[in-house]
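Q: got a predicted model here, sequence first, then my questions.
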Protein chains: 2
Amino acid sequence: MRRALLNTTRGTALSVGLGERSRQLNSCAALVYRRHGHDLDTVRMEEMSLPALGRHSVRLKMLASPINPADVNMLKGTYPILPMFPAVGGNEGVGEVVEVGSEVTSLRPGDWAIPWDTGFGTWRTEAVCEAGDLLLVPRDMSLLGAATIGVNPCTAYRMLHDFVPLKPGATVIQNGANSAVGQAVIQIAAALGVKTINVIRDRPHRRELEKELMSMGADVVVTEEEMQGLRLENVIQDLQRPVLGLNCVGGLSGGLVLSSLRDGGTMVTYGGMAKKPLHIPAKALIFRNITLHGFWMTQWKRNNSQDMSRLVTMVTTVCGLMKAGHLRPPHCAQVPFHQYRRALQATTQSHQRKHVLIM
Amino acid sequence: MRRALLNTTRGTALSVGLGERSRQLNSCAALVYRRHGHDLDTVRMEEMSLPALGRHSVRLKMLASPINPADVNMLKGTYPILPMFPAVGGNEGVGEVVEVGSEVTSLRPGDWAIPWDTGFGTWRTEAVCEAGDLLLVPRDMSLLGAATIGVNPCTAYRMLHDFVPLKPGATVIQNGANSAVGQAVIQIAAALGVKTINVIRDRPHRRELEKELMSMGADVVVTEEEMQGLRLENVIQDLQRPVLGLNCVGGLSGGLVLSSLRDGGTMVTYGGMAKKPLHIPAKALIFRNITLHGFWMTQWKRNNSQDMSRLVTMVTTVCGLMKAGHLRPPHCAQVPFHQYRRALQATTQSHQRKHVLIM
């Protein structure tokens, strides 16, 4: 397991407990933690000084930043990349450029930009960073869309493009279909003419959820329980047998995805929500020629950070899908920055929508 | 699961219970079964008529044919490819060409040849088949080597060449290292300058086996139990962390292979001797970027049968390794053809060496 240490502060923590006190011009408010802990009480709002603007750097006023499960795992110390302390939480978000160094040509004041790498520390009011840490996004897209585009929709985009050539009419099966990635998969696949079979957990308002996913472009929505009781052809109906499976659950649910694939198919795992390993029978690998891969957006971005063109193309394309109406921003609860504690607590409860801090 | 039906008889069964009766010139003795059964009593020696020699066909006098686990699974009806009845058992072996059709240029009387596809029905004294069903092997290699080269050493060869580029000094880890494939992996890897870590089951004469595998070129031999007790660096010693894992066991043993791989590594599964599924944690796929493939020699051969050049190159290369002394024929028990029942029974017991019928 890689465990990289990140410097997410991009400044110096000045004092604990900012409260209502006015900030210095060269400082910001940030959600800082100095140790790992499972109760999330480790996170405090602090005033933090910002470094001076260098020739290649950018001053970014953060506008919105989501709380993602990976952020919480970082707080707890269970993520494979961990920050140096003191650390600022948050890895995703959108800001407005307010000042650029003399050598910066990629961004101008007024632009919207998102950090591309994990470990930026996005839960803050301002940041001074290298221009190369940021990617431009269009200002005429939704704020929530821009704040949440860099991880989940990009994960969906990559998994639909990098593992199996998907022609229109091909079928993809996924579990956790109601997750932020799952919803993006449905919509991006629909835009590609690719069919989706969407496995969800059984829940009280299952039919409403099915309707919502169908409205995004889902072809089939089925619960894990239904899938176990049905013959595969009754699930697949008139679709082709899936050539690609996307798994963010693991355990039994991952097995349902695996067993539904056609011979020679590929399953990509990008999460393990059930916290149970996949059980893979040898026969599936040998006689059905199934291939298993994993996908981690952070690693993909780092592998492609030397020449940023693939990163830029991806973000531009996904932003374009959103602007064209093919990809909705996720349903988010917007929470004022100073109410961060409420938002953090909500994120640890299941069946909660994504919470986005508005700075 | 693919379940193809094969016609393995290449002739017509004439009578049951050949015994000592002399055979007609255009007939052969064959080990025939007419139903699947787990007790192997379904197999009987029968006289079988042979078809007339066509312009493109070859008359082959079988010399030696092994009993492989896949053959027994076919008898039992548990293999994904099953024969039409009546069926002749056996899928591998070497024969001498005794007569060729007028249009055959690839083979001449006196040549040694092996069938390339599964389902030939090699447990017989003679066969008349298409010249395209056979591959030439050199006459100056060992009989047992020629009889057993088409499946196990070729499986080892492919798995070392098709999944990960292996430079000299790279490390491969495998379980079931004492299997016929495992022994071939050790020797072919050694010839490539590739290091091997070889996981075996604990057994009474463990040190003798270690010595034997080391004499073939193994770098490390370790039991599953030792591997669980040791720190990985003590297993790997001064070798590079494995970039390729080969798994024919599954269950816990497959997990040991998987967890020892370096980030970005690949595990290829070609057997499931423990009859237990692999347990794959999501983290191994996502954060360690491990890829899982399966390999099935039968399917590879069929995928490459249109243009036979890759098949010919493979068999020629592996025969060359054997002739050059890099690859020993496996330790086999040679059994006269008419004592087939003893050989079949022995194959169903564990820790038995491979049995080869000598015609």
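A: All right, it came through fine.

Q: could you chop chain A up by domain?
A: Using automatic domain parsing, the domain parsing of chain A gives A:4-148+A:329-358, A:152-298.

Q: what residues does chain A have near chain B?
A: Taking C-beta under 8 Å from any C-beta of the partner chain as the contact definition, chain A meets chain B at A:1-2, A:80, A:247, A:250, A:263, A:269-272, A:277-296, A:299. Where C-beta positions appear, they are placed from N, C-alpha and C, glycine not excepted.

Q: emit the ChimeraX select command for whichever of the residues you listed are buried.
A: A single ChimeraX command selects the buried members of the residues of chain A next to chain B (16 or more other C-beta atoms under 10 Å in any protein chain shown):
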select /A:80,247,250,269,270,271,272,277,278,279,280,281,282,283,284,285,286,287,288,289,290,291,292,293,294,295,296,299
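
Q: restricted to strands, list the residues of chain A next to chain B.
A: A:247, A:269, A:278-280, A:291-294 (DSSP state E).

Q: okay if I get the residues you listed as CSV plus pLDDT?
A: Compiled in CSV, these are given as follows (pLDDT from 0 to 100):
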residue, pLDDT
A:N247, 98
A:T269, 98
A:L278, 97
A:H279, 97
A:I280, 97
A:T291, 98
A:L292, 98
A:H293, 98
A:G294, 98
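
Q: quick check: of those, which lies closest to B:V312?
A: Distance to B:V312 across those (C-beta to C-beta) is lowest for A:T291, with 27.2 Å.

Q: was I right to think the closest one contacts A:T266?
A: Yes. With contact defined as C-beta atoms under 8 Å, A:T291 counts as touching A:T266 (4.7 Å).

Q: pLDDT wise, what is the residue in the stretch 1-150 of chain A positioned nearest to chain B at?
A: Closest residue of the stretch 1-150 of chain A to chain B, C-beta to the nearest C-beta: A:P80 (4.5 Å). Per-residue pLDDT puts A:P80 at 90.

Q: ok, now the one 5 residues further on?
A: According to the prediction, A:F85 has pLDDT 93.

Q: got the buried residues for stretch A:203-223?
A: A:209-210, A:212-213, A:216-223.

Q: list the contacts of that stretch.
A: For stretch A:203-223, the surrounding residues in contact (C-beta atoms under 8 Å, 6 or more residues apart in numbering or on different chains) are A:171, A:177-178, A:183, A:186-187, A:189-191, A:195-202, A:230, A:235-237, A:239, A:328, A:351.

Q: how about the helices in the stretch 51-200 of chain A?
A: Assigned by DSSP state H, counting those that start in this stretch, the stretch 51-200 of chain A shows helices spanning A:69-76, A:143-147, A:152-161, A:180-192.

Q: as CSV, the ones you listed with mean pLDDT and mean neighbour count would be great.
A: Converted to CSV, the helices of the stretch 51-200 of chain A look like this (pLDDT from 0 to 100; neighbours: other C-beta atoms under 10 Å in any protein chain shown):
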stretch, mean pLDDT, mean neighbour count
helix A:69-76, 92, 20
helix A:143-147, 96, 22
helix A:152-161, 97, 23
helix A:180-192, 97, 24
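
Q: can you tell me which of those comes nearest to A:C129?
A: Across the helices of the stretch 51-200 of chain A, closest to A:C129 is helix A:143-147 (C-beta to C-beta), at 16.7 Å.

Q: average pLDDT for the strand or helix carrying A:E47?
A: Using DSSP states H and E, A:E47 falls within strand A:44-49. Averaging pLDDT along strand A:44-49 gives 95.

Q: about what we covered before: from the buried residues of stretch A:203-223, which ones fall inside helices?
A: When the buried residues of stretch A:203-223 are checked against helices (DSSP state H), the matches are A:209-210, A:212-213, A:216.

Q: returning to that earlier point: can I have the buried ones of the contacts of stretch A:203-223 as a PyMOL selection?
A: For the buried members of the contacts of stretch A:203-223, the matching PyMOL selection, counting by 16+ other C-beta under 10 Å, is:
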select buried, chain A and resi 171+177+178+183+186+187+189+190+195+196+197+198+199+200+201+235+236+239+328
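
Q: output the below-cut-off pLDDT ranges for chain A.
A: For chain A, the stretches with pLDDT under 70 are A:1-25, A:350-351.

Q: how many neighbours does A:G110 have?
A: A:G110 is flanked by 9 other residues according to other C-beta atoms under 10 Å in any protein chain shown.

Q: surely it touches A:V97?
A: Yes. Proximity of A:G110 to A:V97 meets the contact threshold set by C-beta under 8 Å, at 6.5 Å.

Q: which residue lies farthest from the center of chain A?
A: Within chain A, the residue lying farthest from the chain centre (C-alpha atoms, centre = their mean) is A:F287, at 34.7 Å.

Q: who are the contact partners of A:V356?
A: Counting by C-beta under 8 Å, 6+ apart, A:V356 touches A:64-67, A:144, A:147-148, A:332-335.

Q: quick one: which of these is nearest B:W116?
A: The nearest member of the contacts of A:V356 to B:W116, counting by C-beta to C-beta, is A:T148 at 54.6 Å.

Q: which residue, neighbours along the chain excluded, lies closest to that closest one?
A: Of all residues not flanking A:T148 in the chain, A:P66 sits nearest, at 5.1 Å (C-beta to C-beta, 6 or more residues apart in numbering or on different chains).

Q: same thing with A:A113?
A: With C-beta to C-beta, 6+ apart as the criterion, A:A113 has its nearest non-adjacent residue at 4.0 Å, and that residue is A:L134.

Q: list the contacts for the one you found?
A: Going by C-beta under 8 Å, 6+ apart, A:L134 touches A:58, A:60, A:97, A:106-107, A:113-116.

Q: can you tell me which of those residues are in strands?
A: A:58, A:60, A:97, A:113-115.

Q: report the buried members of these.
A: For the ones in strands among the contacts of A:L134, a burial check counting by 16+ other C-beta under 10 Å picks out A:58, A:60, A:97, A:113-115.

Q: and these as CSV, adding distance to B:V315?
A: Shown next, in CSV, are these (distance: C-beta to C-beta, whole Å):
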residue, distance to B:V315
A:V58, 62
A:L60, 63
A:V97, 64
A:A113, 59
A:I114, 55
A:P115, 55
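
Q: returning to that earlier point: looking at the domains of chain A, which is closest to B:G101?
A: Closest to B:G101 of those is domain A:152-298 (C-beta to C-beta; 34.9 Å).

Q: ends of the closest one, what's the gap?
A: 11 Å (C-alpha to C-alpha, to the nearest Å).

Q: what is the neighbour count of the residue lying closest to A:H355 once chain neighbours are set aside?
A: Once flanking residues are discounted, A:H355 sits nearest to A:A343: 4.0 Å by C-beta to C-beta, 6+ apart. The local packing of A:A343 (other C-beta under 10 Å) involves 23 other residues.

Q: which ones are touching A:A343?
A: Applying C-beta under 8 Å, 6+ apart, the residues near A:A343 are A:67, A:333, A:335, A:355, A:357.

Q: at 6 Å instead, please
A: Each residue near A:A343 by C-beta atoms under 6 Å, 6 or more residues apart in numbering or on different chains is listed here: A:67, A:335, A:355.

Q: pretty sure the residue of the stretch 1-150 of chain A closest to chain B contacts B:R288?
A: No. Counting by C-beta atoms under 6 Å, B:R288 is not a contact partner of A:P80; they are 8.7 Å apart.

Q: follow-up on the earlier one: could I get the contacts of A:A343 in CSV, plus columns for neighbour count?
A: Formatted as CSV, the contacts of A:A343 follow (neighbours: other C-beta atoms under 10 Å in any protein chain shown):
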residue, neighbour count
A:I67, 29
A:V335, 18
A:H355, 20
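
Q: could you export these as a markdown table, including distance to B:A156?
A: As requested, the contacts of A:A343 are arranged in a markdown table below (distance: C-beta to C-beta, whole Å):
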| residue | distance to B:A156 |
| --- | --- |
| A:I67 | 50 |
| A:V335 | 59 |
| A:H355 | 54 |
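
Q: in strands only, show me those.
A: Assigned to strands by DSSP E, the following of the contacts of A:A343 qualify: A:67, A:335, A:355.
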